[in-house]
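Novice: Got a sequence here, can you model it:
(2 chains)
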Amino acid sequence: MAKVQGAVVVDKEGCKGCSLCVEACPQGVLNLHKEVNSRGYHYSFMETPEACIGCSNCGVVCPDTCLTIYRVKV
Amino acid sequence: MELKDLIKPENLVYGKSRLLEEEIMHYCPGCSHGVVHKILAELIEEMGLQEKTIGIAPVGCAVFAYNYIDIDWQEAAHGRAPAVATGISRLMPDKFVFSYQGDGDLASIGTAEIMHACNRGENILVIFINNGIYGMTGGQMAPTTLEGMVTATTPTGRDVARNGYPLKITNLIAQLPGTSYVTRQAVHTAASARKCKRSIKKAIQNVLDKKGTSFVEVVSTCSSGWKMTPVASNKWMEENMIAYYPLGDLKDSVKGENVLEN
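Specialist: Purely as a prediction, here's the structure:
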């Protein structure tokens, strides 16, 4: 079976740290960063990027559309 | 594979719709409005309707919707969005007109307008965001507030003896002959958001085909008004709101279903 690898690019300034993407991720890839952006929100980031399958669930539930998802078959 | 090799335009699977403005939305973290705006922008882009669409912005949190989606907008007085949409769609029948309203706007102040617009079967799409509370003004009780739900004006919970019962306005609208498609959706999970997108797409197609009013209720959260985190709000919504406002199609005249006959 072809393995897929995905990546999530987070718009750090647009993120409001609602953590809905963290909940939506089936692979537990995303988490909130311990640092904050200029507006004081703990932004989302890829904690375990190698586990990402590029399913876009995080992007679909993100209310602020600050996630861009890429996927490739390897 | 290195991440930098992966992040290339040809590998893009999901990104921001071209119709969404760069401006950061004023909504609170985790607000369902953002997801519904995004779905609308994606569909208008995918269906090639940018030049044809006129949205009616409500009074409520979504009043600034015109700042976020790059289409033509008209702001309406509180609750009067369906009346304004009626005027626009009758004068410009080749346009796709939709109103975007919250529960305070649609189910309370604008009850007469929505009922009569739907009963006349105007060719418009109505997006109804139901979060059971007046979000913008500070979390007061709305007609859709659940029994026992604590709000700023019902600090001990909604008491039906004093405040009446939560209004299932979508069920009333489904009984009107002017409506062609009436559905209740949610956007709290990726699966439900994708399903909601399919429903709104169908509703838009119905309006384009001049089948009458299409009405899409989206059961939503208001984490600020409910005084919960966005994740807890979604859980609470699933357990309480969706239990009272069950998801699914209430009427689909394309398939010949009618609640009056059931």
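
Novice: Mind jotting down where the strands sit in chain A?
Specialist: Counting by DSSP state E, chain A has these strands, from start to end: A:4-10, A:30-36, A:42-46, A:67-73.

Novice: can you redo these as TSV with distance to chain B, mean pLDDT and mean neighbour count?
Specialist: The way it works is simple: take the backbone N, C-alpha and C, and place the C-beta from them, glycine included. Below are those laid out as TSV (distance: least, CB to the nearest CB, whole Å; pLDDT from 0 to 100; neighbours: other CB atoms under 10 Å in any protein chain shown):
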stretch	distance to chain B	mean pLDDT	mean neighbour count
strand A:4-10	5	94	20
strand A:30-36	11	96	15
strand A:42-46	8	96	20
strand A:67-73	4	94	19
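
Novice: longest helix anywhere in chain B?
Specialist: helix B:190-208 (DSSP state H).

Novice: can you pull out the strands in the stretch 151-262 of chain B?
Specialist: B:179-186, B:213-219, B:248-252 (DSSP state E, counting those that start in this stretch).

Novice: Single out the most deeply packed of these.
Specialist: Among the strands of the stretch 151-262 of chain B, ranked by average contacts under mean count of other CB atoms under 10 Å in any protein chain shown, first place goes to strand B:213-219 (a mean of 27).

Novice: What strands flank that one, and is each parallel or antiparallel?
Specialist: strand B:125-130 (parallel), strand B:179-186 (parallel) (DSSP bridges).

Novice: Would you point out which residue of the stretch 1-150 of chain B is nearest chain A?
Specialist: B:Gly34 (2.7 Å; CB to the nearest CB).

Novice: For chain B, what is the nearest residue in chain A?
Specialist: Nearest residue of chain A to chain B: A:Pro63, at 2.7 Å (CB to the nearest CB).

Novice: give me the number of residues near that residue?
Specialist: 25 (other CB atoms under 10 Å in any protein chain shown).

Novice: sorry, back to before: quick one: closest of the strands of chain A to B:Ser220.
Specialist: Closest to B:Ser220 of the strands of chain A is strand A:67-73 (CB to CB; 20.0 Å).

Novice: Report the distance from the helix or strand harbouring B:Gly104 to the chain centre.
Specialist: For B:Gly104, the host element (DSSP states H and E) is helix B:103-104. On the basis of CA atoms, centre = their mean, to the nearest Å, helix B:103-104 sits 11 Å off its chain's mean C-alpha point.

Novice: who touches B:Gly55 in this structure?
Specialist: Taking CB atoms under 8 Å, 6 or more residues apart in numbering or on different chains, we find B:Gly55 in contact with B:Leu40, B:Ala65, B:Tyr66, B:Ile69, B:Ile71, B:Asp72, B:Trp73, B:Gln74, B:Val97, B:Phe98, B:Ser99, B:Tyr100.

Novice: Packing partners of the helix holding B:Gly104?
Specialist: strand B:125-130 (3 or more CB pairs under 8 Å, 6 or more residues apart in numbering or on different chains; DSSP states H and E).

Novice: which residues does B:Ser192 contact?
Specialist: B:Gln185, B:Ala186, B:Leu247.

Novice: per-residue pLDDT, it?
Specialist: At B:Ser192, the predicted lDDT confidence score is 97.

Novice: Next, B:Ala107: secondary structure please.
Specialist: helix (DSSP: H, G, I helix; E, B strand; the rest coil).

Novice: and it, what is it in contact with?
Specialist: B:Ile114, B:Phe128, B:Asn130, B:Ala142, B:Pro143, B:Thr144, B:Leu167, B:Ile169.

Novice: can you tell me which two in those are farthest apart?
Specialist: Among those, B:Ile114 and B:Ala142 lie farthest apart (CB to CB), at 14.3 Å.
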